[in-house]
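Undergrad: No letters, just coordinates:
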RNA sequence: GAGCCUGUAGCUCAGUCGGUAGAGCAACGGACUUUUAAUCCGUAGGCCAUGGGUUCGAGUCCCAUCAGGCUCACCA
């Protein structure tokens, strides 16, 4: 046991001795600290003559010499509402028989003044057992100190919960990224901005649902345990069901079940949920992440583009309504409509090479040093695109109309079968959304599945072919637009968070002390 | 999976050329009834990530391991 813990346990003992429960209990009728701050206009100064004076608002006049102003009023008394608050002690200063304590709840932070003469010996003895990190409640008068700080002048103290372990540095908070992730509770409680970041995450997710529900979309919950990992090209996590003695995988995408629902007549349907990919970890990849997939019958990728803009604009309004958002040392302008450019236009812009000139593209690829022998011209083009174009897509920008051969499971343009009706939304070089006009021809789908699985043995291929999905398509899936949004990445961009682990409460980490 | 970087007190961090382990905050004792990163006086707190090696001597140099970060790879 550390000295810190021993000292805190000793105070815990004293609290019990004083007749208080160190683990507290229900505490009704408190105001949130944010609400209390909003009530500061009720505070008055009453002069000896009986004249009532309004208190100048320090937020409006930050340079005001409050102490001087107060002296100018002469003798009198500050009056303010009786309030009750509760929170965690985050700062404490004592000045003899007087203590200034800052408590914090999830709406803010406020100072308490506890005077021995004002609260009595009993409460004073309790206050001497307070440590940083404890939860306390207070009844008192909301008013200003001589220096103009909004303060609850304590009349009665309540003990709500003892903190046995010492908190991180009271100003620096937690700096070590490993500790911030492992001990997210401490990060939230003591690191600047951490709690707000995750509350903004909640607001974004709620807003996404609101936007879709308002437009008549229906939220569903598909299975997370799949027999076949379909809908994406990632490696799955494998698991096993004991009673059925059956291998299972965690889902890598939401797509195939949502499309079955289109067949079933759910015309506008979405799922906002977790998917799992057994791939590498990076500042943009966590093994489990939150994905939104939306399908709209009788729509196409164009309908999805408008919807994507609406989802993002509404999410920003839900946070703070600021469409010019800082991102690292730059600013992203999210004001819709976003730029829309075709794949070929961007290719030509960034490389100076005509996107339809296969020979010139191959020459460029050779110059970069790519292996080009035996590759499909569109594959070469796509490799050059990733190398030369994607990083330049600071966006937000919709990249539309991809070469059909690199997205086989997408419907082609009727006017040009070499082009797939697909867009991706890029922001700061990061792929945030991906949408298609969905393929609904079961024979073509089956053929393309087979081609996609061609590299695998027949046995593996059969195991990965989702025959039920093909069967569903045979019953008729209406023409539809489909959209996927990486919600964690969107939240990263909206909260100026450079790593996906900053917006996932409990990202995957190796266990501690695994040596 | 590869390369580079990091790991020192509860927290944030110094630690020079290899020569007895440092600071701020937090803690403990004391002074102070309007402080606000309060101040002042005093005290205590260390498996220098772990395990080896080199050396008279290692926080420091070398090797391995563990954990984390970044870059790359992987990744509709």
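TA: In hand now; what should we look at? What you see is a predicted model; the values in this text were computed from it and never measured.

Undergrad: Show me which helix runs longest in chain A.
TA: helix A:194-214 (DSSP state H).

Undergrad: Show the secondary-structure elements that the next helix or strand after it is packed against.
TA: Per DSSP states H and E, helix A:194-214 leads on to strand A:218-219 as the next helix or strand towards the C-terminus. Where contact means 3 or more Cβ pairs under 8 Å, 6 or more residues apart in numbering; DSSP states H and E, strand A:218-219 is packed against helix A:194-214, strand A:268-276. Any C-beta I mention is one placed from the backbone N, CA and C, and that applies to glycine too.

Undergrad: rerun at 7 Å
TA: strand A:268-276 (3 or more Cβ pairs under 7 Å, 6 or more residues apart in numbering; DSSP states H and E).

Undergrad: Just checking: what are the partner strands of whichever helix or strand comes after the strand it packs on?
TA: Following strand A:268-276 in sequence order, the next helix or strand is strand A:288-297 (DSSP H and E). Strand partners for strand A:288-297, identified by DSSP bridges, are recorded as strand A:268-276 (antiparallel), strand A:480-486 (antiparallel).

Undergrad: most tightly surrounded among those strands?
TA: strand A:480-486 (a mean of 24; mean count of other Cβ atoms under 10 Å).

Undergrad: So for residue A:15, which of the strands paired with strand A:288-297 sits nearest?
TA: Residue A:15 lies closest to strand A:268-276 among the strands paired with strand A:288-297, at 42.0 Å (Cβ to Cβ).

Undergrad: is the closest one anywhere near RNA strand B?
TA: No - taking Cβ under 7 Å from any atom of the strand as the criterion, strand A:268-276 and RNA strand B are apart, separated by no less than 10.6 Å.

Undergrad: Give me the mean pLDDT for that strand.
TA: For strand A:268-276, the mean pLDDT works out to 96.

Undergrad: from the chain's centre, how far out does it sit?
TA: How far strand A:268-276 lies from its chain's middle: 16 Å, per Cα atoms, centre = their mean, to the nearest Å.

Undergrad: what's next to it, contact-wise?
TA: A:205, A:208-209, A:212, A:216-222, A:236-237, A:250-254, A:258, A:261-262, A:287-297 (Cβ atoms under 7 Å, 6 or more residues apart in numbering).

Undergrad: angle of it against helix A:194-214?
TA: Computed by axes from the mean of the first three to the mean of the last three Cα atoms, to 10 degrees, the angle separating strand A:268-276 from helix A:194-214 equals 150 degrees.

Undergrad: In contact with the residue in the stretch 301-450 of chain A that RNA strand B sits nearest to, which residues?
TA: At 3.9 Å from RNA strand B, residue A:409 is the closest residue in the stretch 301-450 of chain A, using Cβ to the nearest atom of the strand. Applying Cβ under 7 Å, 6+ apart to residue A:409 gives the contacts A:439, A:448.

Undergrad: so where do the strands sit in the stretch 51-200 of chain A?
TA: A:52-54, A:76-79, A:82-94, A:98-105, A:108-115, A:135-144, A:150-161 (DSSP state E, counting those that start in this stretch).

Undergrad: Next: the stretch 301-450 of chain A.
TA: Counting by DSSP E, counting those that start in this stretch, the strands of the stretch 301-450 of chain A are A:324-327, A:330-333, A:339-342, A:397-403, A:412-413, A:416-427, A:430-437.

Undergrad: what's the pLDDT at the closest residue to RNA strand B within the stretch 251-400 of chain A?
TA: Distance from RNA strand B to each residue of the stretch 251-400 of chain A (Cβ to the nearest atom of the strand) is smallest for residue A:280, at 2.6 Å. At residue A:280, the model reports a pLDDT of 89.

Undergrad: And for it, the neighbour number?
TA: 7 (other Cβ atoms under 10 Å).

Undergrad: again, but for residue A:75
TA: 7.

Undergrad: what's the answer for residue A:361, then?
TA: By the measure other Cβ under 10 Å, the count of residues near residue A:361 is 23.
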